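> got a predicted model here, sequence first, then my questions.
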Amino acid sequence: MLRGKNRPERHPGTESLRPSAAPGSAAPGEHSPATRTQSNTEHRQVSSSFRDAAIAPTTGGQDPPSPRCPKPLSLHVRVRVCPLVCGLFCSASPLRLLRTEARGADAVRLPGRRSSCSCVRVVPGSGCRRPHAQPSTRRSEEASTHSFWMLARDTARLLRVCVWSVREENAGAFPLQVKELFSSLGVDCNILELDQVDEGASVQEVLSEMTNQRTVPSIFVNRVHVGGCDHTFQAHQSGLLQQLLQQDLAYDYDLIVIGGGSGGLSCAQEAAVLGRKVMVLDFVVPSPRGTAWGLGGTCVNVGCIPKKLMHQAALLGQALTDSRKFGWEYSQQVRHSWATMMEAIQSHVGSLSWGRRLALRENAVTYVNSYGEFVEHHKVKATNEKGQEALYTAANFVIATGQRPRYLGIPGDREYCITSDDLFSLPYCPGTTLVVGASYVALECAGFLAGLGLEVTVMVRSVLLRGFDQEMAEKVGASMQQLGVRFLRKFVPVEVQQLEKGLPGRLKVVAKSTEGTETMEGVYNTVLLAIGRDSCTKKLGLEKIGVNISEKTGKIPVNGEEQTSVPYVYAVGDVLEGKPQLTPVAVQAGKLLARRLFGGRSEKCDYVNVPTVVFTPLEYGCCGYSEEKAGEVCQAENLGVYHTLFWPLEWTVACRDNNTCYAKIICNKLDNDRVIGFHVLGPNAGEITQGFAAAMKCGLTKQLLDATIGIHPTCGEVFTTLEITKASGLDITQKGC
Ligand SMILES: Cc1cc2nc3c(=O)[nH]c(=O)nc-3n(C[C@H](O)[C@H](O)[C@H](O)COP(=O)(O)OP(=O)(O)OC[C@H]3O[C@@H](n4cnc5c(N)ncnc54)[C@H](O)[C@@H]3O)c2cc1C
C-alpha cells in the first residue's frame, strides 16, 4: 500500500488532529488557560501542557475530573511569606489561583488577596497515567510516586525560581541567602517548604531521584536544577545563573529535537519528564515510489517491527512443514496471503505510531509534522507538507534524523526498484524478487520472502554481512541457500528496464561482474535495493551553524557526550559516526543525553558490547568482537576460540539438518579468558544473545560459563558446555537423522 504523502496521521476511533502551531500561536498540545474546557479529554491534554503546568486552578475546591485518575492527589503546600513573591501557598481553605503564564512567581497571582497567607491546592500535572484505584498496594504506591514526580516536575516548570527547602528554623540561613541573591538580581524567589507539605518526604525522595541531590535546599532556575546553595552561588559567580535566568526569555523551547524516530523521541520524552519545554520536528520525505508513514521513525514504520513480523510469518510457514512430523494432519493446501499479512502488520504499525504520538501529547511535547532545517544559530525553519514555514528557536538541539535507503544511481533504479521503505507496505505480493546487496537488511528481506514461498535471488557485490564475523556470515548464507535462496556473487546491476507494467510488473536487470567483463541479464517481478543507507544530514543547514559532518560518510562526529562541533547541538542514533545503528542504542543514547542535559546526571551511553541479531530464517546473534576484529585487537595467538555445531531438539523429530546451527565464543587468554566475542546461529538467537550480552557486561569469562548450569533442553545451554577449541581441529559435527 502506498500510504500517501505524509498524510495526516489519524487513528480509527480517536480524536482528529489539531492544526500545527503557527509561529507565535499556541502549538498543538498547548492551550492558554482560557481554553480549559469541561471535557475530560480536554482536561487531560490541558494539564499535560507546559503552559498549564501542575498548579491547577481549583474550581470551587474541586479538581476537574480526569478519566484515568478520578481522585487526583492533592497536596497543600505552605510557603513562607516573602514580600518579593506574589504567588504564595499555605494551608487555609482552597482559593482560586489564576495564572497568566507559566513564567515564575510573577505569573502566579492570587486574586483579591494582599495578605501574606493564602492557599492553593497543588495537584499533579500531566494527567495521572496510572489508574488511581489500583488493586495492589504496590501499584498504588507506584501511582503516588508518579504523582509526586509530576508535582516536582511541574512545580519546577511553573516557577521561574523554585527553591525546595524546609522551614526557616530547620533550614538555617541558606534559603535567606539564596533569596537575597535572587533579590539582588531582581528576580522573585519561591521557597517551597517540604516539612510543610503533606507527604513532603515522598516529594523529597522524588526530587532526589530527579536531581541526584539528597539535601535541601534544592534550587531550580528556569526548569534547570542548579543544585544547593553553594552551587547557586558558584553559578552566580561564573555568570551561569544570569544566563539561565535569561535563557527562558531568549528561546521558544529548551530543546528542539529534529527527527521523531527511536533516538529523537526517547530524548524528547525524557527531557519533558524532567520539566523542559520540548518540541519534536518530524517529517518523512516520501520514497521515490511515494511511500510515507507516520511518527516513530524507521524502527516502528519501516524497520525492526514490520521486519520481525514478516520474519515471524515466514517462520510459521516452516513450523507448518515441521508440524506434519509431529502428527498434525491437514488435507487442505496451505497458502500464504500477502495482502492479509501486510494489512495485519500495517495495522499494528499504525497503532504503534499513533501510540508514539499520544505519548508525546501526554508528556506535553510539542510535535510538529514539518521538515526541520537550521537557518541560523539556535533557530530552525520548519516546513510542512504544504510548504508553509515557521521559525522556532531553542537553547539546545538534538539531531536524530536517521538514515534512508541508498539508490544505485543507475538507469531505472528510482523508477522501478523498491527499498525496505516500500516493501513492508507493498499492497501486492512482490513475486520473483531480486534483492541487491548483502547487508543485514538485504539478507533478512531475502530470507522472509523466501520463507513465504517466493523465488528469491540475492546479488552480492563482495562479502556477506560486512563488519560481522565472516565465518558466521558465510554460515548464514549457506543456511539461506539450503532454504532455496540463490546467490549471485561478485555482480552489480548496471541497468533496470521495465518489460511489463503491473502489480507486480516484470523488470529486466542487466548486471556486470566486479571481477571481469562478464555481463548477465535476469527477469524479475520486483527488484529490492538494500545496498546501504545514507544519513539524513545533507539538507539540515548544518553548514550554516558550523556543525561538522564527515565528508566521506555524511555522518556526524560527536564526543563522548553526543555533542557535535557546536556546543548546544547534539546528535543521537543512526546519524552518529562510528556507532552501532540500532534502535536500542538510539533510545539509550537519547534518554541519557536528556538526563545529562536537564537532570543533573552524568551517565553516558556505553557503545561497547552492544548485542545484535540478524533475523535471517536461521537467526544469527552476536555480541562483542568478530573473530577478525578480536585478532586485530588482541592478536590471534592470544585468542581461545571455542565452538560447536548443535542440533536443536525441536529439529530432531522434524528431521531438519543436524549440522547447520553453530555456537562460538572468542576468549582473551591474556585477560583471564574473558569472553570478548559471542556468536550463535540458530533458532531464537535473539533471545539467547540478549542474556549472554548481560553476562558479558558483567565480565563473563570462560570459567564462569563453565560454572554456569545450563537449562535443558534448550539451544542456549550449548554455551555452558563448550570444550572444543578451533585450534584443536577436533570434529564438531553432530550425528543423527
Ligand atoms: C529494514 C530495517 C530493519 C531494521 N531492523 C532492526 C532491528 O531488528 N533491530 C534494531 O535494533 N534496529 C533495526 N534497524 C535499525 C533501526 O531502525 C535504526 O537504528 C533506528 O530506527 C535509528 O533511530 P534514529 O532515531 O536514529 O532514526 P530514525 O528512526 O530513522 O528516525 C529519524 C526520523 O527523522 C525524520 N527526519 C529526517 N530528517 C528530518 C528533518 N530534516 N526534519 C524532520 N524530520 C526528519 C525521519 O523521517 C525519521 O522519522 C532496522 C533498520 C531497517 C532499515
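Here it is on my side, so go on. Numbers count the residues shown, from 1 in each chain.
> so, low pLDDT: which residues of this protein?
1-146, 150, 153-154, 156-158, 247-249, 736-737 (pLDDT under 70).
> what about the most centrally placed residue in the chain, distance to residue 502?
Residue closest to the mean C-alpha point of the chain, counted by C-alpha atoms, centre = their mean, is residue 262 at 2.6 Å. Look at residue 262 and residue 502: by C-beta to C-beta, to the nearest Å, they are 36 Å apart. C-beta: built from backbone N, CA, C; applies to glycine.
> could you pull up phi and psi at the residue in the stretch 251-400 of the chain positioned nearest to the ligand?
Minimum separation of the stretch 251-400 of the chain from the ligand (C-beta to the nearest ligand atom) falls at residue 261, amounting to 1.9 Å. Residue 261 adopts backbone torsions of phi -100, psi -160, taken as degrees, to the nearest 10.
> repeat that for residue 583.
Main-chain torsions, residue 583, degrees, to the nearest 10: phi -60, psi -50.
> same question, residue 256
According to degrees, to the nearest 10, residue 256 has phi -120, psi 130.
> look up the closest residue to the residue of the stretch 551-700 of the chain found nearest the ligand, ignoring the ones flanking it.
Of all residues in the stretch 551-700 of the chain, residue 573 sits closest to the ligand, at 2.1 Å by C-beta to the nearest ligand atom. Excluding the flanking residues, the one nearest residue 573 by C-beta to C-beta, 6 or more residues apart in numbering is residue 263, at 3.1 Å.
> residue 457 too?
Spatial nearest neighbour of residue 457, excluding adjacent residues (C-beta to C-beta, 6+ apart): residue 486 at 4.5 Å.
> could you pull up the residues touching the one you found?
456, 457, 458 (C-beta atoms under 8 Å, 6 or more residues apart in numbering).
> separation between it and the ligand?
Distance, residue 486 to the ligand, by C-beta to the nearest ligand atom, to the nearest Å: 21 Å.
> could you do residue 173 as well?
Distance of residue 173 to the ligand, computed by C-beta to the nearest ligand atom: 48 Å.
> cool, residue 548 as well?
Going from residue 548 to the ligand by C-beta to the nearest ligand atom gives 17 Å.
> that residue: neighbour count?
Per other C-beta atoms under 10 Å, the neighbour tally for residue 548 reads 14.
> sec struct for it, please.
coil (DSSP: H, G, I helix; E, B strand; the rest coil).
> cool, the one 10 residues further on as well?
Three-state assignment for residue 558 (three-state DSSP): coil.
> point me to the residue of the stretch 351-500 of the chain nearest the ligand.
Closest contact between the stretch 351-500 of the chain and the ligand, by C-beta to the nearest ligand atom, is at residue 402 (2.3 Å).
> surely that residue is in contact with residue 576?
No. In this structure, residue 402 is not within contact of residue 576 by C-beta atoms under 8 Å, at 10.5 Å.
> for this protein, which residues are neighbours of the ligand?
258-264, 281-284, 297-299, 303-304, 307, 371-372, 400-402, 420, 441, 536, 540, 573-574, 581-584, 586 (C-beta under 6 Å from any ligand atom).
> one more pass at 5 Å, please.
Within the chain, the residues that sit near the ligand (C-beta under 5 Å from any ligand atom) are 258-259, 261-263, 281-284, 297-299, 303-304, 307, 371-372, 400-402, 420, 441, 536, 573-574, 581-583, 586.
> strands - which of those land there?
Judged by DSSP state E, strands contain the following of the residues of the chain next to the ligand: 258, 281, 371, 372.
> can you count the residues close to residue 234?
Using other C-beta under 10 Å, residue 234 has 13 neighbouring residues.
> meant to ask about residue 492
Other residues near residue 492 come to 18 when the count uses other C-beta under 10 Å.
> which residues pair with it across the strands?
Applying DSSP bridges to residue 492 gives these bridge partners: residue 512.
> I'd say it and residue 438 touch.
No. Residue 492 lies out of contact with residue 438 (C-beta under 8 Å); the separation is 11.3 Å.
> so what sits against both of the two?
With C-beta under 8 Å, 6+ apart, residue 492 and residue 438 have common neighbours residue 461.
> list the contacts for the closest residue to the ligand within the stretch 101-250 of the chain?
Closest to the ligand within the stretch 101-250 of the chain is residue 250: 23.0 Å, counting by C-beta to the nearest ligand atom. Residue 250 sits next to 393, 395 when contact means C-beta under 8 Å, 6+ apart.
> distance-wise, check it relative to residue 584.
35 Å.
> same question for residue 318.
27 Å.
> over to residue 177?
The gap separating residue 177 from residue 584 is 45 Å, by C-beta to C-beta.
> how many other residues sit next to the closest residue to residue 336 other than its chain neighbours?
Nearest non-adjacent residue to residue 336, counting by C-beta to C-beta, 6+ apart: residue 452, 5.3 Å away. When counting by other C-beta under 10 Å, one arrives at 19 neighbours for residue 452.
> ok, now residue 499?
Other residues within reach of residue 499, judged by other C-beta under 10 Å, total 12.
> with residue 350 instead?
Using other C-beta under 10 Å, residue 350 has 20 neighbouring residues.
> cool, and residue 610?
So residue 610, with other C-beta under 10 Å, has 17 neighbours.
> quick check: phi and psi at it.
When read as degrees, to the nearest 10, the backbone of residue 610 gives phi -80, psi 120.
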